[in-house]
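**Q** Give me the fold of what follows.
(chains A and B)
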Number of protein chains: 2
Amino acid sequence: MATSTGKKNAFYAQSGGVTAVINASACGVIETARKHKDKIGKVYAGRNGIIGALTEDLIDTSKESARAIAALRHTPSGAFGSCRYKLKSLEANKREYDRLIEVFAAHNIGYFFYNGGGDSADTCLKVSQLSKSTGYPIQAIHVPKTVDNDLPITDNCPGFGSVAKYIAVSTREASFDVASMCKTSTKIFVLEVMGRHAGWIAAAGGMAASEDCDLPIVILFPEVNFNQGKFLAKVKDKVNKYGYCSIVVSEGVHDRSGKFLADQGLKDAFGHAQLGGVAPVIANMIRDKLGYKYHWAVADYLQRAARHIASKSDVEQAYAMGKAAVELALAGKNSVMPTIVRTSNSPYRWKVGEAKLSRVANVEKMMPKNFITPDGFGITKKCRDYLAPLMQGEDYPPYGKDGLPQYVQLKNVAVSKKLNTTFKLK
Amino acid sequence: MATSTGKKNAFYAQSGGVTAVINASACGVIETARKHKDKIGKVYAGRNGIIGALTEDLIDTSKESARAIAALRHTPSGAFGSCRYKLKSLEANKREYDRLIEVFAAHNIGYFFYNGGGDSADTCLKVSQLSKSTGYPIQAIHVPKTVDNDLPITDNCPGFGSVAKYIAVSTREASFDVASMCKTSTKIFVLEVMGRHAGWIAAAGGMAASEDCDLPIVILFPEVNFNQGKFLAKVKDKVNKYGYCSIVVSEGVHDRSGKFLADQGLKDAFGHAQLGGVAPVIANMIRDKLGYKYHWAVADYLQRAARHIASKSDVEQAYAMGKAAVELALAGKNSVMPTIVRTSNSPYRWKVGEAKLSRVANVEKMMPKNFITPDGFGITKKCRDYLAPLMQGEDYPPYGKDGLPQYVQLKNVAVSKKLNTTFKLK
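**A** Numbering: from 1, shown residues only, chains lettered A, B, ... in the order given. Here you go, the predicted model:
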């Protein structure tokens, strides 16, 4: 055990799929910690998330200039590297927790800030219980992040608002495009979006149409079992009325039996299995059954990395969550997560709240039924009122003379190892 | 024949695939014509391009407010509708030309502004010859537009710079994302971009990496015959060095025999042919041969409709080309196209030039050999120096409270028909 003088260092790590604004949370954590040097020593980041802690591969963020840390606010992705690695339960894999404590103790780490989604909240919860079970003093605070917007209690999750804005903007733009082409050419545009379980991102596609911008949009949610007959009738109906139609399809769309639409058993000319997306499946279906000419796009990483069109609300909240996490730690809290509490829709107002990790971990928030129109293909006014504030405002990064956004690449200087033991990842 | 008093009306039409800035050219044409009401009467737009002229389906742009016309400058797509419809030669299809003159005469049209790419320049050339061959006085001016950047003489084409910016920005953002994930998850990101014949758009992906932003990018150009062995070795090399790699692949990539890589003879479980993109083909190849985890995206219409991240140079040039077309008409010119003439790279300076349509029509400008690195997978400094100015500057559209860009949808009021004849499209 390190002999601490009361001033502990902090550990910060990014976990799971990254977003356009997770670095804004990192910025909030580090800038706030730097303002409290009397209580928090250095902020060490895990290189590639929790793996960095397990392998004693820590990054000394104090080696980064104030300017570089400030630039994290406008830089997408995970600046310290992320990972997909879920800790097992204490009973199932005690050696991981023993190792964490060994590393934390060696580097005098008393604060654990974990920036991620539902799985990561579970890891954070387990770490928060270490002080009780092992006697090593550690305060674990979770910083919410997920484009899937599926964490409970918090009104929304940092990362989602910017994806929502990107998908809504892109759907509007592509719809204008296909409207121009539909007389002699493309009548259908299909956009595949993320969201394997919850349709929050697909719902954002519905925002492309509004009271002052009439566009035909059909949404396929993972929450609604796919029915080919009803779907094709809906599309035909839109084409008859507008001359064209845009379809926003969630990657997680499945039929009543649970079979993913994307899983079509595609084989190439040699009989090898091929992995495709759901967008071409929908496009081929339209061609075969309705005969319309189509185009399709798969946004994939582009949607969650699109810092260039991030929502201002989202950036502010991501930063605020990082800042609040440090403040909660300073207030002596453990096993909690700062949350976003909406206090007013119009004008949009929100404040920072707090949730117990035991109530957050492993709980998935789905779209409420009353956010989806009765036909299953659109969003309700209630859904619009919820989504609009999250997409509000622009927060543009600076650009260089080459027309490219100036995102920061940190030096990521390693902290000298203090242990002569190594750890083998499972 | 209409008995004209010397003041003729103008016809304007959008042709072929639309872009983020073709409406900025429309804005330039209409605003400039409105400033010369002594010489130009009304601007009639063809509904869905040249089809509008053939079917006497004209739009009276004078019914649109100055504000609505100004908003065209920041609205993507073709506000009057476009079409894919190429006029045959005068010999092959005289009835089309007779019909055009019938409609032009009925509506006292003396100016023909055609906004499109290479095929459209050919149509415009044919119309420009009508005054000689038929005696009906018409001045035909082509307004350059194409995301493919493949028109000759002009330094670049309006529409391209914005796609280039979108692809470069997206590639940079997605590369940051995969860099964060590569330790335990995705190591390869594949982005499919437009460009069936020329690799200009794919080249823009190379701009994602720069002197102050080191990223591993591999480009697959349609100009370079695909060689699987060399390609996989290049990717492996990048992954060994960086831990990950981004691949920007043009839809037109083909092997030595000319076979498109996208054409893999995919069949679904029922043996039906399926159309896929080239991105999943590359992704599957990587999985099978190198075993790396991957993600892929197909930008499709999103890239050419992305007005939200349009290049300022591009918007200015698109407007300038529309303005110059009207000025050329006022100067009595026929059968010409305004061009962009680059006079300096740094600082970027350009002026408006002029080209004979006979030298533009049906000529395709490919990437110069010295724009592609000797290994065939990257861009040279010469290429960077060419591309950077075209992507320079941002020109953001206004946004509403819902976080969406406010694009204009015109009223598109029809001009009363004067003919009692109809025309059957071929």
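**Q** Leaving out sequence neighbours, find the closest residue to whatever residue of the stretch 251-400 of chain A ends up closest to chain B.
**A** Closest residue of the stretch 251-400 of chain A to chain B, Cβ to the nearest Cβ: A:M391 (3.1 Å). Backbone N, C-alpha and C define where each C-beta goes, glycine included. Nearest non-adjacent residue to A:M391, counting by Cβ to Cβ, 6 or more residues apart in numbering or on different chains: B:G403, 3.1 Å away.
**Q** sec struct for the one you found, please.
**A** Reduced to three states with DSSP: H, G, I helix; E, B strand; the rest coil, the structure at B:G403 is coil.
**Q** still on that earlier bit, neighbours of the residue of the stretch 251-400 of chain A closest to chain B, just the number please.
**A** As a burial measure, A:M391 scores 31 neighbours (other Cβ atoms under 10 Å in any protein chain shown).
**Q** burial of the residue nearest to A:M391, as a residue count?
**A** Close neighbours of B:G403, defined as other Cβ under 10 Å, add up to 27.
**Q** tell me the contacts of it?
**A** B:G403 makes contacts with A:165, A:168, A:207, A:311, A:388, A:390-393, as judged by Cβ atoms under 8 Å, 6 or more residues apart in numbering or on different chains.
**Q** Which parts of the stretch 201-350 of chain A are strands?
**A** Along the stretch 201-350 of chain A, counting by DSSP state E, counting those that start in this stretch, strands occupy A:217-220, A:245-250, A:294-298, A:336-344, A:349-356.
**Q** Export those to CSV and append columns for mean pLDDT.
**A** What follows is these, written out as CSV (pLDDT from 0 to 100):
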stretch, mean pLDDT
strand A:217-220, 98
strand A:245-250, 98
strand A:294-298, 96
strand A:336-344, 98
strand A:349-356, 98
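**Q** Apart from its neighbours in sequence, what residue is nearest A:R99?
**A** Nearest residue to A:R99 in three dimensions, chain neighbours excluded: A:F423, at 5.0 Å (Cβ to Cβ, 6+ apart).
**Q** Can you name the residues that contact the one you found?
**A** Here A:F423 is in contact with A:54-56, A:99 (Cβ under 8 Å, 6+ apart).
**Q** Tell me the one of these nearest chain B?
**A** Here the nearest of the contacts of A:F423 to chain B, counting by Cβ to the nearest Cβ, is A:T55; it sits at 10.4 Å.
**Q** tell me the domain ranges of chain A?
**A** A:8-145+A:307-362, A:160-305 (automatic domain parsing).
**Q** got the ones you listed as JSON lines, with mean neighbour count columns?
**A** Converted to JSON lines, the domains of chain A look like this (neighbours: other Cβ atoms under 10 Å in any protein chain shown):
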{"stretch": "domain A:8-145+A:307-362", "mean neighbour count": "22"}
{"stretch": "domain A:160-305", "mean neighbour count": "22"}
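**Q** can I get the ones you listed in CSV with distance to B:L232?
**A** Formatted as CSV, these follow (distance: least, Cβ to Cβ, whole Å):
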stretch, distance to B:L232
domain A:8-145+A:307-362, 25
domain A:160-305, 16
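**Q** ok, back up a step: give me the pLDDT value at the residue nearest to A:R99.
**A** Note on A:F423: pLDDT of 90.
**Q** Isn't A:A209 up against A:L215?
**A** Yes. Taking contacts as Cβ atoms under 8 Å, A:A209 lies within contact range of A:L215: 4.1 Å.
**Q** who touches both of these two?
**A** Common contact partners of A:A209 and A:L215 (Cβ under 8 Å, 6+ apart): A:172, A:175.
**Q** For the residue nearest to A:R99, pull up the helix or strand it's in.
**A** If you go by DSSP states H and E, A:F423 is not part of any helix or strand.
**Q** and it, how far is that from A:R342?
**A** With distances taken as Cβ to Cβ, to the nearest Å, A:F423 is found 42 Å from A:R342.
**Q** got a list of what A:P222 touches?
**A** A:195-199, A:202, A:250, A:252-254.
**Q** if we go to 7 Å?
**A** Counting by Cβ atoms under 7 Å, 6 or more residues apart in numbering or on different chains, A:P222 touches A:195-199, A:250, A:252-254.
**Q** One more: A:M367?
**A** Here A:M367 is in contact with A:198-200, A:203, A:221, A:223 (Cβ under 7 Å, 6+ apart).
**Q** same check, this time on A:Q317
**A** A:158, A:340.
**Q** cool, and A:V18?
**A** A:V18 touches A:77-78, A:82, B:177, B:180-181, counting by Cβ under 7 Å, 6+ apart.
**Q** Which members of these occur in helices, if any?
**A** B:177, B:180-181 (DSSP state H).
**Q** all helices for the stretch 101-250 of chain A, in order.
**A** Ranges of helices in the stretch 101-250 of chain A, per DSSP state H, counting those that start in this stretch, are A:118-128, A:130-134, A:160-181, A:200-205, A:228-242.
**Q** Turn these into CSV, columns for distance to B:V143.
**A** Conversion of the helices of the stretch 101-250 of chain A to CSV gives the following (distance: least, Cβ to Cβ, whole Å):
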stretch, distance to B:V143
helix A:118-128, 53
helix A:130-134, 68
helix A:160-181, 16
helix A:200-205, 33
helix A:228-242, 28
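**Q** Determine which of these approaches B:F231 most closely.
**A** With Cβ to Cβ, the closest approach to B:F231 among the helices of the stretch 101-250 of chain A belongs to helix A:160-181: 29.4 Å.
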